[in-house]
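Q: Give me a model of this one.
(chains A and B)
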Amino acid sequence: MIDLRVLREDPDRARASQRARGEDPGLVDQVLAADELRRSSATRFDELRSEQKGLGKLVAKASGEEKQQLLARTKELADEVKAADAAQSEAAERARALLLQLSNLLEPGVPEGGEDDFVLLETHGTPRDFAAEGFEPRDHVEIGKILGAIDLERGAKVGGARQYYLTGVGALLELALANMAMAQAVRYGFTPMITPSLVKPEAMQGTGFLAQAAENVYHLADDDLYLVGTSEVPLAAYHMDEILPAEKLPLRYAGYSSCYRREAGSYGKDTRGIIRVHQFEKVEMFSFCAPEDAAAEHQRLLAWEKEFLTALELPFRVIDVASGDLGSSAARKFDCEAWIPTQGKYRELTSTSNCTEFQARRLSVRLRDADGVRPLATLNGTLCAMTRNIVAVLENHQQADGSVRVPEALRPFLGKDVLEPVAR
RNA sequence: GGAGGCUUCGCCUAGUCCGGUCUAUGGCGCCGCACUGCUAAUGCGGUUUGGGUCUCAAGCCCAUCGAGGGUUCAAAUCCCUCAGCCUCCGCCA
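A: Modelled structure (predicted):
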C-alpha cells in the first residue's frame, strides 16, 4: 500500500511506476478520486456526530417539555448520522480497495522492461567444461534415478503433474541443505522459525499475493484459507498490527516452510524434473527494518544469498530484475541464478525483494522511535529453495561414473563426501 | 465437536449487574520538569492508535473498550453473531 500523502503530492511518480510495470496508470487517479470522496464523507459524518453528542448531553440533563423538544431533533439527527456513517464507511472501503490494487512504487534505478530486460550485475565462478572432462553431463532427473534420489513417476502417480518424491539420499540431501541454510542464518543472527503454510486472507492480501500473482495461489474455499507460496507470507504477517520499538530493528527471521504454487500459466515450461513443482520446502530470510535502512539491508540479504551459493560451489550470476517482472510488493528485486549445465543457462535459485513500506502499511506493522510511530520496511530473500538447489548441486557436481561430489561445506550436514549410484 | 469463563488506551487493573456525570479508574513502566554532591527517593506534568481540519505546528473535531451487527435520542455497559485465549469433557498424531 502506498502512502496516500505521497500519492496526493506526487501522483506522477505513481503513474510512471505503474506504467513501467505494465500496469494501469489510470488507477492512480481512481484512487485519488475515491480518497477525496472518503475525506469529504468522513468530514460530514464527524460534524453530524459531534452535534449528536452535544445534544445527547443536553438530553441527559433536560426534563419535561424541554426534553421532548430536544428528542424531536435528536431523533431526526440519529437517522442522518446513521446515513452519513454508512456513506463514510462505504467510501473508505472503496478507497482502500482501490489503493490495495496499486503496486509498490519502483525504487529509482530499476531497469525498465520485461523479463528479458534485466541488468546483469555480477558473475561468480565458471561453469565446468564437461567436453574437456570427456563426458556428457546428465540432467538431474537422470542423476536422481542413478542415485535413487528422485522418484518422479510415483510422484505423478500419487500427486499428479509436478509432484515428486525425494527418496533415500535425495531426502537426506534436502535435509542437509535445510540445516546448512539454517545454520548460516543463525550464524548471522536470524531467528529460526517454522511457520504456518496455511494462512488467512489478511495475511495473503497484506503481503500482496492476491494481486497479479493470485492465480498461482492455492485457496481452500471451504475454510477460506490460503496455502502460502513462501514463508515470506507468515513471516511478514507475524508482526501484523504491531508497533515495534526502533531499537529492536532490524528484526531478522529465517523461516522454514512448505511452499505451494499452482503454476498456472506455466504449462509446458520446465515439465521435466523438479525445477518447477507444486510443493517444495524453502528457507527464507525476512527482515523488518527502518525505511531508511532498507536499501542497505537489501544488499545484506543479497550478500547472504551469494555466500550460500558460493559455499555450495555453484557458478552463478546476479541480475537486477526489470520493472515488468517485479512482484506487486517489490520496489526492487535481485535474483541469483545458478548455472544449470544440461540447460546451458542460468536459472533462478534465489530472489531478494525490497518491499519498502508497502507490505508494512497493508499489514499495519509500524516502528516507534523518538519521532513517533511510522511504517517500517520489509525485505525478503531466499536462502535455499530445496528443489532447485538439489538440481544445481546434482548437475554441477556430477562425475563421469554417475556419482556426485558433495561440496565441502555441505559434508558436515550430509555426512558423506560423495553420493554413490545405487545398485539396480 | 460439547459446556463454562475471559478479552478495557505498553503491562496489570476499576467500570459492565442498574445505559447519560466514562471527556474510561488506579498501579507499574516510560518521557519531561523540579529538587538533590552522584545514585536513589520524592513531587508535578505527560504517556492508545487511526482519521479529519490546518502551509507547518499548536489547537480543535471524529472514531477506537477483541471484531461485526442490532436496540436506543444516547452503548465499555443491553441483545445477536463471530474470533482469540483459558478450564473441563469427547476425539486424535
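
Q: check which helix or strand covers whatever residue of the stretch 251-400 of chain A ends up closest to RNA strand B.
A: Among the residues of the stretch 251-400 of chain A, residue A:373 lies closest to RNA strand B, at 4.2 Å counting by CB to the nearest atom of the strand. All C-beta atoms are positioned from the backbone trio N, CA, C, and that covers glycine. Assigned by DSSP states H and E, residue A:373 belongs to strand A:372-375.

Q: then that strand to PDB, C-alphas only?
A: Presented in PDB, the C-alpha positions along strand A:372-375 are these (Å, rounded to 0.1, in the frame of the first residue of the first chain):
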ATOM      1  CA  GLY A 372       6.800   8.800  17.000                       C
ATOM      2  CA  VAL A 373       5.100   6.000  15.100                       C
ATOM      3  CA  ARG A 374       5.600   5.300  11.400                       C
ATOM      4  CA  PRO A 375       5.600   2.400   9.000                       C
END
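
Q: mind listing what residue A:25 touches?
A: Under the criterion of CB atoms under 8 Å, 6 or more residues apart in numbering, the contact list for residue A:25 reads A:14-16, A:18-19.

Q: Report the contact partners of the residue of the stretch 251-400 of chain A closest to RNA strand B.
A: Residue A:373 makes contact with A:243, A:366-367, according to CB under 8 Å, 6+ apart.

Q: in the sheet, who's paired with it?
A: residue A:368 (DSSP bridges).

Q: I'd like the distance between it and residue A:246.
A: 10 Å (CB to CB, to the nearest Å).

Q: follow-up on the earlier one: now, among the contacts of residue A:25, which is nearest to residue A:420?
A: When those are ranked by distance to residue A:420 (CB to CB), residue A:18 comes first, at 54.4 Å.

Q: so what's that closest one up against?
A: Contacts for residue A:18 were tallied using CB under 8 Å, 6+ apart; they are A:24-25, A:27-28, A:102-103.

Q: Residue A:225 now?
A: Shown in contact with residue A:225 (CB under 8 Å, 6+ apart): A:198-200, A:219.

Q: now do residue A:383
A: With contacts defined as CB under 8 Å, 6+ apart, residue A:383 is in contact with A:181, A:184-185, A:254, A:283-285, A:304-305, A:308, A:350.

Q: helix, strand or coil for it?
A: Three states are possible here, and by DSSP: H, G, I helix; E, B strand; the rest coil the one that applies to residue A:383 is strand.

Q: So it versus residue A:372, what's the distance?
A: Using CB to CB, we find residue A:383 at a distance of 34 Å from residue A:372.

Q: How many residues are close by residue A:289?
A: 23 (other CB atoms under 10 Å).

Q: Skipping adjacent residues, who's closest to it in space?
A: Closest residue to residue A:289 apart from its sequence neighbours, by CB to CB, 6 or more residues apart in numbering: residue A:250 at 3.8 Å.

Q: doesn't residue A:288 make contact with the one you found?
A: Yes: in this structure, residue A:250 is within contact of residue A:288 by CB atoms under 8 Å, at 6.3 Å.

Q: about what we covered before: quick one: the residue nearest to residue A:289 from residue A:233, how far?
A: 19 Å.

Q: Residue A:152 now?
A: Look at residue A:152 and residue A:233: by CB to CB, they are 28 Å apart.

Q: between these two, who's got more neighbours?
A: Applying other CB under 10 Å to residue A:152 and residue A:233 shows that residue A:233 carries more neighbours, namely 30 against 19.

Q: The more buried one and residue A:207 touch, don't they?
A: Yes: Residue A:233 lies in contact with residue A:207 (CB under 8 Å); the separation is 4.9 Å.

Q: and residue A:285, helix, strand or coil?
A: Reducing the assignment at residue A:285 to three states with three-state DSSP gives strand.

Q: same question, residue A:259
A: Local secondary structure at residue A:259 is given as strand here, using three-state DSSP.

Q: From residue A:417, how far out is the nearest residue to residue A:397 once chain neighbours are set aside?
A: The spatially closest residue to residue A:397, leaving aside those adjacent along the chain, is residue A:405, at 4.5 Å (CB to CB, 6+ apart). Taken as CB to CB, the spacing of residue A:405 relative to residue A:417 amounts to 7 Å.

Q: burial of the residue nearest to residue A:280 when sequence neighbours are not counted, as a residue count?
A: By the measure of CB to CB, 6+ apart, the closest residue to residue A:280 outside its immediate chain neighbours is residue A:387, 4.4 Å from it. A total of 23 residues lie near residue A:387 under the criterion other CB under 10 Å.

Q: Checking my notes, residue A:387 in a helix, right?
A: Yes: the assignment for residue A:387 by three-state DSSP puts it in a helix.

Q: right, and it touches residue A:279 too?
A: No: under the criterion of CB under 8 Å, residue A:387 makes no contact with residue A:279, lying 9.1 Å away.

Q: separation between residue A:107 and residue A:334?
A: Residue A:107 is 11 Å from residue A:334, where distance means CB to CB.
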